[in-house]
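Peer 1: 3D, please:
(chains A and B)
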Amino acid sequence: MLDLKLVRDHPEMVLRMLEGRGQDTGALARFNELDLRRRTLLREVEELKAKRNAASDQVARLKKEGRVPEELIAENRELSQAIKRLDPEVAKVEDDERQLLSGIPNLFDDSVPVGDEGQNREVRRWGVPPEFPFEPKNHWELGEALGLMDFARASKISGSRFVVLYGALSRLNRALIDFMLDLHTLGHGYREVWPPALINSQSLYGTGQLPKFAEDGFKIENSDLWLAPTAEVPLTNLFRNEILEPGEVPVSVTAYTPCFRAEAGAAGRDTRGMIRMHQFDKVELVKVTRPEDSMEALEALTRDAEEVLRGLGLAYRVVLLSSGDMGFSSAKTYDLEVWLPGAGAYREISSCSCFTDFQARRAGIRFRREKGAKPEFAHTLNGSGLAVGRTMVAILENYQNADGSITVPEALRPRLGGLTAIGVPS
RNA sequence: GGAGACGUACCGAAGUGGCCGUAACGGGGGCGACUCGAAAUCGUCUUGUCGGUGAUGAGCCGGCACGUGGGUUCGAAUCCCACCGUCUCCGCCA
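Peer 2: Alright, predicted model coming up:
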């Protein structure tokens, strides 16, 4: 959520942002109208309340003297009735304004290229896409041929966009989670967290998934709980409505969770394979920083995510997203795209974003610079470190051999009991 | 799931219709005094938010907040209702 006063006093900034994101700018005019109306009403009702409070004190004083000021009480009754009429009106306008404001996306950083997807900018590449003396296969062809990846039975159990993994692939999935968590905790100084995977609507509101993106989530029936779409939600909401003391900032936390997404708008896209699932595993990185440190923290967080790909020897590139391609809450986003030989393309495997104070304002995440100082909104960041399913996809496609077996990346071998290849008796 | 108790500031906790909300009392923390320094002691300060007015500062004026939301009342932390959470006991259970 943007700062109310910023929207009020600097509409030109908001306008530029909405245009850059390719969004309807009408919200701004509606906001001004509502804000003016709210403040007018508020003044009116607050004046009445001040009068009533003063009169009530007066009643108390007179009663103490043994008098019963019938007239004053009658006057006050009328004041109260007027307040009772106005209060719901104020509440309604406040609610409308909040709803409108919470539907306005975040301002984007000056370094973000303005425009649509075509303006996305590759900032660096790492590694060399492997050459194959044969036609490289898709991960699902490889996985199914090995008998270790089963979409048919997943569909029987659950439906489309689910997968069953067996044996070495199931173990590879587990090893990847372990590898990533160890790298980030032991190597990059993150604190490991094991959070809930069912999340209440307040928390989803705090990170910006609600109210705008309700159709992307799975909601539990007869309950206020949702399946977590990403560990970003529980990790960031760890600090919701809290004031962090000077020594506690910056915060770096990481968690593995299963993630659940309805993929409502993705009909027909990535229908085959493990790229776009209703359920997938992800290791997430979250940071909470002081405002002046957040852009540098985004660079650090992105590098932390890149380290996973480097450790696994997977070629990738880093893409700075344009204003029109960025997420709703983000001020600046780097996507990590891994090379997939089966697809012959770089595909997103991590998205690292700085949300400035946008989530912090919604979620009430604040900090103090010094003991006793006034609390300020912190900045929040997150990134995938990495999406586990897509990492497995990348390993299968990049490490495939002519006979359909998969070489295990060196870094993972200790976690797979020394296994060097999947699919051939060694 | 059933029964009971509880929810007030950074922590503990008092307050049972107005003189009780920065909010008693205790602790913690900041600043100061004493001290060569420290401890002990003493003094003092320690919520946030919205609106108005200032300059988007300081200050001042006002509204709101005693888990959340309603209700009763001229007036609610206090009485009533619903919901949420915590604890204890019982039941069930990986």
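Peer 1: which residues touch the one residue in the stretch 151-300 of chain A that gets nearest to RNA strand B?
Peer 2: In the stretch 151-300 of chain A, the residue that lies nearest RNA strand B is A:I243 (7.1 Å; CB to the nearest atom of the strand). Backbone N, C-alpha and C define where each C-beta goes, glycine included. Going by CB atoms under 8 Å, 6 or more residues apart in numbering, A:I243 touches A:R366, A:F367, A:R368, A:P375.
Peer 1: top of those residues by neighbour count?
Peer 2: Using other CB atoms under 10 Å as the neighbour test, the contacts of A:I243 are led by A:F367, with 25 neighbours.
Peer 1: how about the contacts made by the residue of chain A found nearest RNA strand B?
Peer 2: RNA strand B sits closest to A:N76 of chain A, with a gap of 3.0 Å, by CB to the nearest atom of the strand. By CB under 8 Å, 6+ apart, the contact list for A:N76 reads A:R52, A:A55, A:S56, A:V59.
Peer 1: would you mind checking the residues you listed for buried ones?
Peer 2: A:R52, A:A55, A:V59 (16 or more other CB atoms under 10 Å).
Peer 1: now the second one. Nearest residue, chain neighbours left out?
Peer 2: Taking CB to CB, 6 or more residues apart in numbering as the measure, A:A55 lies nearest to A:N76, with 4.8 Å between them; neighbours along the chain are not counted.
Peer 1: next, the buried residues of the helix or strand where the one you found lies.
Peer 2: Assigned by DSSP states H and E, A:N76 belongs to helix A:70-102. By 16+ other CB under 10 Å, the buried positions in helix A:70-102 come out as A:N76, A:L79, A:I83, A:L86, A:V90, A:V93, A:D96, A:E97, A:L100, A:L101, A:S102.
Peer 1: where does the stretch 301-426 of chain A have low pLDDT?
Peer 2: A:371-372, A:424-426 (pLDDT under 70).
Peer 1: enumerate the residues of chain A near RNA strand B.
Peer 2: Residues of chain A lying close to RNA strand B by CB under 7 Å from any atom of the strand are A:4-5, A:9, A:39, A:42-43, A:45-47, A:49-50, A:52-57, A:59-60, A:63-64, A:73, A:76-77, A:79-80, A:91, A:371-372, A:374-375.
Peer 1: what's the average pLDDT for the helix or strand containing A:T40?
Peer 2: In this structure, A:T40 sits in helix A:26-64 according to DSSP H and E. Mean per-residue pLDDT for helix A:26-64: 87.
Peer 1: now swap in stretch A:171-191 and tell me
Peer 2: Stretch A:171-191 comes out with an average pLDDT of 97.
Peer 1: chain center to it, what's the gap?
Peer 2: 20 Å (CA atoms, centre = their mean, to the nearest Å).
Peer 1: helices along the stretch 301-426 of chain A, start to end?
Peer 2: A:358-363, A:388-398 (DSSP state H, counting those that start in this stretch).
Peer 1: the helix holding A:T40 - contacts with which helices or strands?
Peer 2: Helices and strands touching helix A:26-64, by 3 or more CB pairs under 8 Å, 6 or more residues apart in numbering; DSSP states H and E, are helix A:4-9, helix A:11-20, helix A:70-102.
Peer 1: for the second one, buried residues please.
Peer 2: Read it as helix A:11-20. Those would be A:V14, A:R16, A:M17, A:L18, A:G20, for helix A:11-20 by 16+ other CB under 10 Å.
Peer 1: got CSV for the residues you listed, with pLDDT too?
Peer 2: Converted to CSV, the buried residues of helix A:11-20 look like this (pLDDT from 0 to 100):
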residue, pLDDT
A:V14, 92
A:R16, 92
A:M17, 93
A:L18, 93
A:G20, 94
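Peer 1: A:M295: which of these is nearest?
Peer 2: Distance to A:M295, by CB to CB, is smallest for A:M17 among the buried residues of helix A:11-20, at 17.0 Å.
Peer 1: tell me the spacing between the closest one and A:V7.
Peer 2: 10 Å (CB to CB, to the nearest Å).
Peer 1: cool, and A:D293?
Peer 2: Using CB to CB, A:D293 is found at 25 Å from A:V7.
Peer 1: show me what contacts A:L235?
Peer 2: A:L235 makes contact with A:V193, A:P195, A:V253, A:T254, A:A255, A:E284, A:V286, A:N382 under the criterion CB under 8 Å, 6+ apart.
Peer 1: how much space separates the last one from A:L321?
Peer 2: Right, A:N382. 15 Å.
Peer 1: more crowded one of the two?
Peer 2: Neighbour comparison, A:N382 and A:L321: the larger count goes to A:N382, with 29 against 22 (by other CB under 10 Å).
Peer 1: partner residues bridging the more buried one?
Peer 2: A:V286, A:S353 (DSSP bridges).
Peer 1: which parts of the stretch 101-250 of chain A are strands?
Peer 2: A:121-126, A:149-150, A:164-165, A:191-193, A:198-200, A:225-227, A:242-244 (DSSP state E, counting those that start in this stretch).
Peer 1: closest to A:I157 out of these?
Peer 2: Closest of these to A:I157 is strand A:164-165, at 7.3 Å (criterion: CB to CB).
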